[in-house]
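[1] What follows is a predicted structure for the sequence shown.
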Amino acid sequence: MSDTLVDYDEAVRRYDPVIGLEVHVELGTVTKMFDGAEQSFGDEPNTQITPVSLGLPGALPVVNGTAVEYAVRIGLALGCSIAPSCRFARKHYFYPDLTKNFQTSQYDEPIAADGHVDIELADGTPFTVAIERAHMEEDAGKNTHVGGQGGRIHGATYSLVDYNRAGVPLVEIVTRPIVGAGALAPEVARAYVQTLRDMFRALGVSEARMERGNVRADVNVSLRPTPDAPLGTRTETKNVNSFRSIERAVRYEISRQAAILDAGGTIVQETRHWHEDRGITSAGRVKSDAEDYRYMPEPDLVPIVCDPAWIEQIRLSLPELPAARRRRLTDEWGYAEPEMRDVVNAGALDLIEATVAAGASPAAARKWWMGELARTAKTQEVDLGDLPITPEQIGALQRLVDAGRLTDKLARQVLEGVLAGEGDPEQVLVARGLEVVSDDGPLLEAIDAALAAQPDVAAKVRGGNLGPVGAIIGAVMKATRGQADAARVRELVLERVQA
Amino acid sequence: MATLSRDEVARVAALARIDLSPTELDRLAGELEVIVQSVTRVSEVATPDVPATSHPLPLSNVFRADVPVAPLDRDEVLAGAPAALDGKFLVPQILGEEA
């Protein structure tokens, strides 16, 4: 059964979309949230398990202090206030991804609340997303559904569970309803999660690898007829795990809900599933009793009291966040805003920074990464950072240009050699014999030969008509196979004819 | 004065996946009512200046260093599983929800 959809542009003309995001990030601690089992990715199933991971009778959880510190870092980076005191709660539900029949989470006392994140859309439009809260909880195990049609859940004959991930520390970040984005809502959703991902990495609290599920988003979407109408009924699309999918899921829900409302129907408040392959959402469970999680304070854990001095100490230790870093580098490097945006979108910021550190000017570093190398990456369909060349090599290459040992043209040939695995720029230069002919002797020989070969031109130039001097320079460049510095050749030609 | 209806008991039982017969519902509604009444009396004594507690001990910030411990042997882990396959817990098919 496929949904009726309204053309996206039409949908956002008729309705005002409101979105909300719940982003889960797995913290990069060594061990789990409440027990000393190691976090593992790709280990043999059920090999990182303690009695606490399994919730065996008598097993008692103890909070991982590092995870709390990471949560505070995230809270502060989000501009949240950190709760002076907070607690864990049991969230009860029956699903075999946790053995305890509850998830240890936080409910009415999250560790951080009331913040905001400034984001920038691809075209540079700024947008601010208000954060309601960030709380700590544990991840659940991984289910594999076996049997049935294509392994989907309906028709599965049984499920297999690996609890290695059960108990891995998570921080869940919940936005307030994001209003005012209009037709840009899908792009805002994407940019927001991207900004968070960059932030997690900068904070050093998570590797934040989307493809490993380190960062997962639940996407809420509702429509209302006008921006001043009350919020419409929302759907929640669970576990959307790539930036592109986040954008697509929001778009899809807007088109789907608009069709229902157009037909005079009502939106069902429900959980929906995202199908990456088909780019659609489908209905999951209806939110009714299932939403009654019977939260209660976790009696096995004591409250967390964050000393204000400790919070300040963490605040002072926070690294420069991506947005601030971009602003600083834009100033330092003298880039125009759109130039910087292109650099960021191309994933070249770190590369350029390292290239500048390796001795290239910011302008030269940008020219290499956004020019020749960006084209190569595009042709080879790889990310810039995956090209077989390092910022240090680009720095070394540019230093050769700056020292006059390579012209731009020769430098591109050296670059080619480095990319082909022929070694560092210096090695390629020597091996391919590409160095600029800087000794005047061979140049003068070539100039004399050129003048002799083109007596008409030589006569004109000698007569003070400098127009045709290019012909001589061209001949010299050809004779030296491009390895001469054209400006120097010109100087020498003029000296020669005036002598 | 809190009262507990039979319907509320049925709902709580359903949430806890406890199958109760009509006779049990009647009996438990009465028994739970007594408990609710008792808790209500405690609530009457608790004034706003008494902070809510979730723990009997006056403790906070009991933390563990982020240092690994030896995990259980997988055979031990799976010893309590009703069924296992390929090193994983085998559970009945899950209906109505997707992971």
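    Structure received.

[2] Give me the mean pLDDT for the longest strand seen in chain B.
    What stands out as the longest strand in chain B, according to DSSP state E, is strand B:88-92. Averaging pLDDT along strand B:88-92 gives 92.

[3] Give me the buried positions along it.
    B:Lys88, B:Phe89, B:Leu90, B:Val91 (16 or more other CB atoms under 10 Å in any protein chain shown). No exception for glycine: its C-beta is placed from N, CA and C like everyone else's.

[4] Could you do stretch A:357-366 as well?
    Result for stretch A:357-366 [16+ other CB under 10 Å]: buried residues A:Ala358, A:Ala360, A:Pro362, A:Ala364, A:Ala365, A:Arg366.

[5] now those in CSV, with pLDDT and distance to chain B?
    Shown next, in CSV, are the buried residues of stretch A:357-366 (pLDDT from 0 to 100; distance: CB to the nearest CB, whole Å):
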residue, pLDDT, distance to chain B
A:Ala358, 93, 35
A:Ala360, 94, 40
A:Pro362, 96, 39
A:Ala364, 95, 43
A:Ala365, 96, 38
A:Arg366, 96, 40
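
[6] could I get those residues as CSV with secondary structure and distance to A:His135?
    Listed next are the buried residues of stretch A:357-366 as CSV, based on DSSP: H, G, I helix; E, B strand; the rest coil; distance: CB to CB, whole Å:
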residue, secondary structure, distance to A:His135
A:Ala358, coil, 43
A:Ala360, coil, 45
A:Pro362, helix, 41
A:Ala364, helix, 47
A:Ala365, helix, 41
A:Arg366, helix, 41
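
[7] Export these to JSON lines and append columns for distance to A:Ala479.
    Output for these, formatted as JSON lines (distance: CB to CB, whole Å):
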{"residue": "A:Ala358", "distance to A:Ala479": "34"}
{"residue": "A:Ala360", "distance to A:Ala479": "31"}
{"residue": "A:Pro362", "distance to A:Ala479": "36"}
{"residue": "A:Ala364", "distance to A:Ala479": "29"}
{"residue": "A:Ala365", "distance to A:Ala479": "33"}
{"residue": "A:Arg366", "distance to A:Ala479": "34"}
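
[8] Name the residue of the stretch 151-300 of chain A that lies nearest to chain B.
    A:Pro297 (3.2 Å; CB to the nearest CB).

[9] tell me the contacts of the residue lying closest to that residue once chain neighbours are set aside?
    The shortest distance from A:Pro297 to any non-neighbouring residue, by CB to CB, 6 or more residues apart in numbering or on different chains, is to B:Ser54 (3.2 Å). Counting by CB atoms under 8 Å, 6 or more residues apart in numbering or on different chains, B:Ser54 makes contact with A:Arg87, A:Pro297, A:Glu298, A:Pro299, A:Pro303.

[10] Those: which two are farthest apart?
    Maximum pairwise distance among those (CB to CB): 11.6 Å, between A:Pro299 and A:Pro303.

[11] Tell me which of those two has more neighbours.
    For the pair A:Pro299 and A:Pro303, the greater number of neighbours falls to A:Pro303 (19 against 11), based on other CB atoms under 10 Å in any protein chain shown.

[12] Next, the contact list for the more buried one, please.
    A:Ser85, A:Cys86, A:Arg87, B:Ser54, B:His55, B:Ser60, B:Asn61.

[13] Doesn't the fourth one lie inside a helix?
    No - the assignment for B:Ser54, made by DSSP: H, G, I helix; E, B strand; the rest coil, is coil rather than a helix.

[14] close enough to count as contact, the residue of the stretch 151-300 of chain A closest to chain B and A:Ala89?
    Yes - assessed by CB atoms under 8 Å, A:Pro297 is found in contact with A:Ala89 at 5.6 Å.

[15] Which one of the two is surrounded by more residues?
    The neighbour comparison of A:Pro297 against A:Ala89 (other CB under 10 Å) goes to A:Ala89, with 24 against 17.

[16] Can you point out the buried residues in the lengthiest strand in chain A?
    In chain A, with assignment by DSSP E, the single longest strand is strand A:126-138. Neighbour counts over strand A:126-138 (16+ other CB under 10 Å) mark A:Phe127, A:Val129, A:Ile131, A:Glu132, A:Arg133, A:Ala134, A:His135, A:Met136, A:Glu137, A:Glu138 as buried.

[17] and if you look at stretch A:37-57?
    Neighbour-count burial for stretch A:37-57 [16+ other CB under 10 Å]: A:37-39, A:45-55.

[18] low-scoring stretches of the chain, by residue?
    No chain in the question, so chain A it is. Applying pLDDT under 70 to chain A picks out residues A:1, A:147-156, A:285-291, A:499.

[19] right idea, wrong chain: chain B
    If you take pLDDT under 70 as the line, chain B has these spans: B:1-2, B:94-99.

[20] for chain A, what are the nearby residues on it?
    By CB under 8 Å from any CB of the partner chain, the residues of chain B that approach chain A are B:11, B:14-15, B:17, B:54-55, B:57, B:59-69, B:71-72, B:74, B:77-78, B:80, B:85-99.

[21] Excluding sequence neighbours, find me the nearest residue to A:Trp369.
    A:Ala348 (4.5 Å).

[22] go on, A:Ala453?
    That would be A:Ala475: by CB to CB, 6+ apart, it lies 6.8 Å from A:Ala453.

[23] Run through the residues that contact the one you found.
    Applying CB under 8 Å, 6+ apart, the residues near A:Ala475 are A:Ala446, A:Ala449, A:Ala450, A:Ala453, A:Gln454.

[24] Which one of those sits in the busiest neighbourhood?
    Busiest of these [other CB under 10 Å] is A:Ala450, holding 23 neighbours.

[25] What is the burial count for the nearest residue to A:Leu56 once chain neighbours are set aside?
    The shortest distance from A:Leu56 to any non-neighbouring residue, by CB to CB, 6+ apart, is to B:Gly80 (7.4 Å). By other CB under 10 Å, the residues close to B:Gly80 number 11.

[26] Many thanks, we can stop here.
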